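Student: Got a predicted structure here, sequence first:
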Amino acid sequence: MRKNRHPLAVLLLAVFIITQTACAQQPQPKNITNQQFLAETKDAEKTTVLLNNEYQLVPLKNLEQIKVASIHFNYSYSAGFDSILTKYTAIKLINGNTYGNKIAALGDDLKLYNTLVFQLTETDVNNSQLMAYIVATQKVKNIVIAFYGPGRALTMLNDVMAPIIWCEKPSPVTAQYVPQLIFGGVAATQKLANSFSSKYTSGAGFETAKIRLGYSVPEDVGINSLNLSGIDLIAQEAIRNHATPGCVVLVAKDGKVIFNKAYGNHTYDTSVLPDKVTDIFDMASVTKVSATTPAAMQLVQAGKLNLDSTMGTYLPEARNTNKSDIRLRELLLHQAGLIPFIPFYETIKPADHSSDSSAIYPTKVADGYYIRKDYYKDTMLPRMLNSALRTRGQYVYSDLSMYFTKEIVETVAAQPINEYAQQHFYNPLGMQTAGFLPRNRFTRDQIIPTEDDTYFRHTLLVGYVHDQGAAMAGGVSGHAGYFGSANDEAILFQMLLNKGSYGGVQYIKPEIVEQFTSRQSNVSRRGLGFDGWGPIVDSHYPSYNANPGTFGHTGYTGTCVWVDPKDNLVYIFLSNRVYPKVTDKLSSLNIRPRIMDTIYDAITKGL
């Protein structure tokens, strides 16, 4: 039974939760409660109007094809505006004031961007030089104007043909509302109540649909923020007990991210970088459901893959082995009789690796560690194909299943799995950090370190996959190698929760999503590729309160992602529990399931 808290303690906790937790995914306006934030948001919903959207540019789509710049001048809340805008795709942020009267110089710096978002105030729309630039530029680039100011100033925008989102009241809250409308995190529903010019008349306005994640506070989905305070306590318990140096927790409910907070530091040295919600984590086995399985789903949908066809059908190298008649379905269910894993690194020879790269040793495994050319193809894959089989039909979780599934996917798609996933999912979804080989794209300080490897690579692993086999395969494998941030993972799994739809695009058909994510085994809780809810009374995996139909996966590095369709919930936990050495404390303390149960308790209690 929960004890009653002293009223002062409750007040202090409320202030702490509001400022630190409830909306940590964006700069929470100071001196404002969640209730006030929600009230202002609801008011913005009723008063914000989308104009000039005849060509349906808003919400922005085709994210893989657009390059967006956001430009502000006299708008006071541009930081909050941009903080939300950058959650949807990569954005170039520009302070127009630095150009003074040299608008032509601004144009030169924007020439490589095909979509421009202008944050304008009444002062800005009265700047004739700026307005002339916008009117001229709208002929060659896509422009979206977020105009904060009185309706009478709309007359200064009569020559603008580009979409205008008019919000009369500039505030920290509306600064976070309008960018969501630009990308479809919220819907446009209102019309002008009054006429302001011959162009902007009463009744004018366009409606749009919500097509992407929104960002709000727990109260917006009927949850009291105070009831999520237990997440803080559990996360701090994990750090205090050295179960992990830090972690990030994200909760999305009803299509809205309502909680996203980082705890701790990159390492146990608190003088190093603190964890941030934008940090990039090694997802470990979450790779299986973030890259390999979604690719297989699309290929099954396209009729290019058959779940009941065999490895021998797709892989010539498997045809003369005991793996030839293993069906793809068996691989995805972990019922193919495969051994769990092979410790490849234990048998690597000195001649197989070098401290320098060369034509002979081109495959980078870590800083100062390179493996000889074709080592995976010549040594690792044959060893897997010639490995022993156990009893087929029994559930044995095996990394080999996803090594093989990757080979099948790449053969059928005629494309490496990392490129396929990037092209078909991550880029079009607007996932900015997701993918393989993060050191090719990001700096070390953006990536959470994993193990201090003293037995194989003899270095601290930062941006190189923790899994040894995946590393030896060049950092790209079907079972490990995928990195990403919490927000990116939320986008991907919101798409799956939406039955394959996101951003106005149907990536995977609903029936395929249902088939893969629902329980497909008579001997385990597994779906096809996905882990699922376990009906064992004493565990109620993945948490005690999880509902049947919940699907997702965990990762060895201390990660998990779970989707509960019944509660319209996405839960993500990212950590580096393997730093500096592997420990089981995260599991023994039940950190991940307890946080998930806290979320369910908060949902049950409501407001």
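Tutor: Done, it's in. Predicted, not measured: the structure shown is a model, and the values here were computed from it.

Student: Please tell me how far the residue nearest to the spatial centre of the chain sits from Gly549.
Tutor: With distances taken as Cα atoms, centre = their mean, Asp488 lies nearest the centre of the chain, 1.4 Å away. Distance of Asp488 to Gly549, computed by Cβ to Cβ, to the nearest Å: 24 Å. In short, each C-beta sits where N, CA and C put it, glycine included.

Student: What of Gly149?
Tutor: 48 Å.

Student: When those two are compared, which one has more neighbours?
Tutor: Gly149 (21 against 17; other Cβ atoms under 10 Å).

Student: Quick check: that one touching Glu122?
Tutor: Yes - the criterion here is Cβ atoms under 8 Å, and Gly149 meets it with Glu122 at 3.9 Å.

Student: what helix or strand does Val248 sit in?
Tutor: strand 246-253 (DSSP states H and E).

Student: Can you give the strand pairings for that strand, parallel or anti for each?
Tutor: strand 256-264 (antiparallel), strand 569-575 (antiparallel) (DSSP bridges).

Student: tell me the secondary structure for Tyr345?
Tutor: Of the three states, Tyr345 takes helix under DSSP: H, G, I helix; E, B strand; the rest coil.

Student: burial count for it?
Tutor: 16.

Student: Isn't Met431 up against Leu492?
Tutor: Yes - counting by Cβ under 8 Å, Leu492 is a contact partner of Met431 at 6.4 Å.

Student: who touches both of the two?
Tutor: Phe425 (Cβ atoms under 8 Å, 6 or more residues apart in numbering).

Student: about what we covered before: give me the three-state assignment for the residue nearest to the centre of the chain.
Tutor: Per three-state DSSP, Asp488 ends up helix.

Student: From Val286, how far out is it?
Tutor: For Asp488 relative to Val286 (Cβ to Cβ), the value is 12 Å.

Student: Compare the strands paired with strand 246-253 and give me the one nearest His353.
Tutor: strand 569-575 (29.8 Å; Cβ to Cβ).

Student: what residues does the helix or strand following that closest one touch?
Tutor: Remark: after strand 569-575, the chain's next helix or strand is helix 585-588, criterion DSSP H and E. Applying Cβ under 8 Å, 6+ apart, the external contacts of helix 585-588 come out as Ala238, Asn241, His242, Ala243, Thr244, Gly558, Ser575, Arg577, Arg592.

Student: Quick one: buried ones out of the residues you listed?
Tutor: Ala238, Ala243, Thr244, Gly558, Ser575, Arg577, Arg592 (16 or more other Cβ atoms under 10 Å).

Student: What mean pLDDT does the host helix or strand of Asp232 get?
Tutor: Assignment of secondary structure by DSSP H and E places Asp232 within helix 229-240. The pLDDT scores in helix 229-240 average 98.

Student: per-domain residue ranges of the chain.
Tutor: 44-212, 278-532 (automatic domain parsing).

Student: Could you find the closest non-adjacent residue to Gly214?
Tutor: Gly185 (3.9 Å; Cβ to Cβ, 6 or more residues apart in numbering).

Student: contacting residues for Glu346?
Tutor: So Glu346 contacts nothing (Cβ under 8 Å, 6+ apart).

Student: Against Arg383, how distant is it?
Tutor: 12 Å.

Student: cool, Ile508 as well?
Tutor: 33 Å.

Student: Could you do Lys276 as well?
Tutor: 40 Å.

Student: Pick out whichever of these two has more residues nearby.
Tutor: Lys276 (15 against 12).

Student: Can you verify my assumption that that one contacts Ala262?
Tutor: Yes - if you go by Cβ under 8 Å, Lys276 and Ala262 touch, sitting 5.2 Å apart.

Student: Overlap in contacts, these two.
Tutor: With Cβ under 8 Å, 6+ apart as the test, Lys276 and Ala262 both reach Val248.

Student: ok, back up a step: report the contact partners of the residue nearest to the centre of the chain.
Tutor: Tyr426, Met431, Gln432, Thr433, Ala434.

Student: what do you get if the cut-off is 7 Å, keeping everything else the same?
Tutor: Met431, Gln432, Thr433, Ala434 (Cβ atoms under 7 Å, 6 or more residues apart in numbering).

Student: now do Tyr403
Tutor: With Cβ under 7 Å, 6+ apart, Tyr403 has these contacts: Met384, Ser477, Gly478, His479.

Student: From Leu461, how far off is the closest residue to the second one other than its chain neighbours?
Tutor: If I follow you right, that is Ser477. Nearest non-adjacent residue to Ser477, counting by Cβ to Cβ, 6+ apart: Ala470, 3.8 Å away. According to Cβ to Cβ, Ala470 stands 12 Å off from Leu461.

Student: could I get the contacts of Tyr403 as a markdown table with distance to Asp43?
Tutor: Formatted as a markdown table, those follow (distance: Cβ to Cβ, whole Å):
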| residue | distance to Asp43 |
| --- | --- |
| Met384 | 60 |
| Ser477 | 50 |
| Gly478 | 49 |
| His479 | 49 |
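
Student: By neighbours, which of these wins?
Tutor: Gly478 (30 neighbours).

Student: That one against Met402, yeah?
Tutor: Yes - counting by Cβ atoms under 7 Å, Gly478 sits close enough to Met402 to count as a contact (3.7 Å).

Student: Touching both of those two, which residues are there?
Tutor: Contacts common to Gly478 and Met402, judged by Cβ under 7 Å, 6+ apart, are Thr292.

Student: so which strand or helix has Phe341?
Tutor: Phe341 belongs to no helix or strand, assigned by DSSP H and E.

Student: And for it, the neighbour number?
Tutor: Using other Cβ under 10 Å: Phe341 sits among 16 other residues.

Student: What distance do you get for it to Gly430?
Tutor: Counting by Cβ to Cβ, the gap from Phe341 to Gly430 is 34 Å.

Student: next one: Leu120
Tutor: 24 Å.

Student: Between the two, tell me which one has more neighbours.
Tutor: Ranked by neighbour count (other Cβ under 10 Å), Leu120 and Gly430 place Leu120 first, with 28 against 23.

Student: beta partners of that one?
Tutor: Phe147.

Student: now do Val49
Tutor: Residues in beta-bridge contact with Val49 (DSSP bridges): Trp166, Gln190.

Student: highest average neighbour count across the strands paired with strand 246-253?
Tutor: strand 569-575 (a mean of 27; mean count of other Cβ atoms under 10 Å).

Student: what's near enough to touch Arg594?
Tutor: So Arg594 contacts Ile234 (Cβ under 7 Å, 6+ apart).

Student: so which helix or strand takes in it?
Tutor: helix 591-605.

Student: Kindly calculate the angle that that helix makes with strand 569-575.
Tutor: 150 degrees (axes from the mean of the first three to the mean of the last three Cα atoms, to 10 degrees).

Student: for helix 591-605, which positions count as buried?
Tutor: For helix 591-605, by 16+ other Cβ under 10 Å, it's Ile591, Arg592, Pro593, Arg594, Ile595, Met596, Asp597, Thr598, Ile599, Tyr600, Ala602, Ile603.

Student: Quick one: work out the angle between that helix and helix 229-240.
Tutor: Using the same axes, to 10 degrees, helix 591-605 lies at 170 degrees relative to helix 229-240.

Student: now helix 591-605: mean pLDDT?
Tutor: In the prediction, helix 591-605 has an average pLDDT of 98.

Student: Where does pLDDT dip in the stretch 401-550 of the chain?
Tutor: 537 (pLDDT under 70).

Student: and if we set it to 80?
Tutor: 535-540 (pLDDT under 80).

Student: picking that back up, helices and strands around the helix or strand in which the residue nearest to Ser477 is found, which ones?
Tutor: Taking DSSP H and E as the definition, Ala470 sits inside helix 468-472. The contact analysis (3 or more Cβ pairs under 7 Å, 6 or more residues apart in numbering; DSSP states H and E) places helix 468-472 against strand 363-366.

Student: For this protein, identify the residue most remote from the centre.
Tutor: Outermost in the chain, Cα atoms, centre = their mean: Ser198 at 44.1 Å.
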